[in-house]
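J.: Sequence first, then the predicted structure:
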Amino acid sequence: QAQLQESGPGLVNPSQTLSLTCSVSGGSITTNGYYWSWIRQPPGKGLEWIGRIRYSGDTYVSPSLKSRTSISRDTSKNQFTLQLTSVTPEDTAVYYCFRYNELRYADYWGQGTQVTVSS
């Protein structure tokens, strides 16, 4: 059974870069058939999907965030990372990492981490 844990700064200054890491245990991020993804929920709003990195290493990012977002991985540490540049207060949210399979079924989630963008 996989376990995911987000880590990163809880407070980021506007215009800076937000970096979050999702550490995975109980399963390899290179295992065929799985996608490792980021999603966020701003206060009082619904979930917004950010992007994913596939077991093969290729990535896909939501078009609405593509210009500011990159997702990468470190297979030696079994981690994947989200970087969001030029953040604004509108990027304030709880950020979650999760795993889903080729049937688009999400089975394991991190507990979420609050990120606030403020000076």
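T.: Yep, that arrived.

J.: Show me which helix or strand of the chain is least confident by mean pLDDT.
T.: In the chain, the helix or strand scored least confidently by mean pLDDT, DSSP states H and E is strand 106-109, which has a mean of 95.

J.: Would you indicate which residues of that one are buried?
T.: Of all the residues in strand 106-109, those buried under the rule 16 or more other C-beta atoms under 10 Å are Tyr108, Trp109. For glycine as for every other residue, the C-beta is placed from the backbone atoms N, C-alpha and C.

J.: so what does that strand touch, helix or strand wise?
T.: On a contact count with 3 or more C-beta pairs under 8 Å, 6 or more residues apart in numbering; DSSP states H and E, strand 106-109 meets strand 3-7, strand 93-101.

J.: which residues are contacting the first one?
T.: Outside strand 3-7, the residues that touch it by C-beta atoms under 8 Å, 6 or more residues apart in numbering are 20-26, 95-99, 108-113.
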